[in-house]
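Undergrad: Got a predicted model here, sequence first, then my questions.
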Amino acid sequence: MSRRVATITLNPAYDLVGLCPEIVKGAINRVQAAGLHAAGKGNNVAKVLRDLGIDVTVSGFLGKENQEGFQQFFNENGMVNRFHLVPGRTRINVKLTEESGEVTDFNFTGFYVGEAEWSGFVNDSLSWLGQFDMVVVSGSLPAGVSAESFTDWMTCLRQLCPCIIFDSSREALVAGLKASPWLVKPNRHELEVWAGRLLPELSDIIIAAHQLRDQGIAHVVISLGEQGALWVNASGAWLAKPPHCKVVSTVGAGDSMVGGLVYGLLMRESSEHTLRLATAVSALAVSQPNVGISNRPELAAMMAKVELIPVR
C-alpha cells in the first residue's frame, strides 16, 4: 500500500554547519566547516522519510535568488517539489558546535512573503494536501505571515487532513496549537513557554502534556535533549533514553525524531516501537554532520540501545 506524506516548510534555510574547539567572543575563531545544506525543519523531515522509503511531497516558500541548492536537494532525493518562489533570498543559518557539545546558532533573515503570495500558497496548498496520509508542518514563520493568518490556514488544513504533525516554536507554535493538530513535538523549553511555568520534574511535563491533550491534541511528544523523549497519548506515557553519543552536530536532531515518529505511525507500529525508532534516528543525527539515514543496520543497532520506560 502506498503511503504518502507532505511536509510544509514556510521559512526554510541553508544550514552552514561548523566545528570549533571553543567560541571566543571578540576574537578570530577558526572553524572547520562540516557542510552547507539545503534545510529547514520540514525538509529535514522529508530527507529522513525518503531514506526510509516513503514518498514525500515538499512545499512552502523559497527565495528566487538562491533556489538552486534546494532544487538540487529535491531532485537528488526524489521529492516532489511544490514550493512557491518569492522575491529575495532564502536565509542562511550558521550553526557552530564546540568540543563541549554546545551549539551556537546565528539565524539570518530571509525573504518577505506578501499578502498576495500568502493567499496563493493557501489556495494552492488546500487544493491538494487533503490527498495525503499525513502532513508535517514544521518551523518558523517568514516575515510577512502573521500568526493569525497561520492559525486560519492550519485550521482549514485540519479539516482536510486529520493527521497533522506539528513542530514549531515561539509565536508559530502558539498559533499552530490553536488548530489542535493531531501530534505536536515541543521541546521542554517550548512546552514551558506555552504552559507559562517551569517544568522541572517529569511529572510536571506530563501534566502540561495532558493539558495540551485536553485541547484535542491526540499525541504530545516532548524532546528532552540528552535525556531522550517523552510521549504522552491516550494509551499512556513512555520515556525513551538514547545511548551516549559523541556530538558532531545537533542540527536536525529534532526533525529526525519527527521523521521517525511519522514513519512508525505510517507503518502502524506501537507507540513504544515508534518512540524507540524516533529516538534512535535522532541519536544517529547528532553523531553526523548532516541529516539522514545512510545505514539501516546502524539504525537497528541504535534502536537496540534505546532504553524505553513506561511512566505512570
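TA: Received, thanks.

Undergrad: The helix or strand of the chain with the lowest mean pLDDT: how far from the chain's middle?
TA: Of all helical and strand segments in the chain, the minimum by mean pLDDT, DSSP states H and E falls on strand 32-38, at a mean of 81. Relative to its chain's centre, strand 32-38 lies at 19 Å (Cα atoms, centre = their mean, to the nearest Å).

Undergrad: same thing with stretch 291-306?
TA: Using Cα atoms, centre = their mean, the offset of stretch 291-306 from its chain centre is 19 Å.

Undergrad: Same check on stretch 65-81?
TA: Counting by Cα atoms, centre = their mean, stretch 65-81 comes out at 18 Å from the chain centroid.

Undergrad: before we move on, back to that, just checking: what are the partner strands of the least confident helix or strand of the chain?
TA: strand 13-20 (antiparallel) (DSSP bridges).

Undergrad: Would you mind listing the buried residues in the partner strand?
TA: Of all the residues in strand 13-20, those buried under the rule 16 or more other Cβ atoms under 10 Å are Ala13, Tyr14, Asp15, Leu16, Val17, Gly18, Leu19. From N, CA and C alone the C-beta is placed, and that goes for glycine too.

Undergrad: Skipping its backbone neighbours, what lies nearest the last one in space?
TA: Distance criterion Cβ to Cβ, 6 or more residues apart in numbering; nearest residue to Leu19, sequence neighbours excluded, is Gln32 at 4.6 Å.

Undergrad: okay, now that neighbour: neighbour count?
TA: 10 (other Cβ atoms under 10 Å).

Undergrad: Surely it is in contact with Cys20?
TA: Yes: between Gln32 and Cys20 there is a contact at 6.8 Å, judged by Cβ atoms under 8 Å.

Undergrad: if we can go back for a sec, output the contacting helices and strands for the next helix or strand after the least confident helix or strand of the chain.
TA: Using DSSP states H and E, the helix or strand that directly follows strand 32-38 along the chain is helix 41-51. Applying 3 or more Cβ pairs under 8 Å, 6 or more residues apart in numbering; DSSP states H and E, one finds that helix 41-51 contacts strand 4-9, strand 55-63, strand 134-138, helix 253-266.

Undergrad: Alpha carbons of the first one, in CSV - could you do that?
TA: The C-alpha atoms that make up strand 4-9 are tabulated as CSV, following Å, rounded to 0.1, in the frame of the first residue of the first chain:
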residue,chain,number,x,y,z
ARG,A,4,2.2,9.5,1.1
VAL,A,5,3.4,12.3,3.3
ALA,A,6,3.7,16.1,2.6
THR,A,7,6.0,18.4,4.5
ILE,A,8,5.4,22.1,4.8
THR,A,9,8.4,24.4,5.5
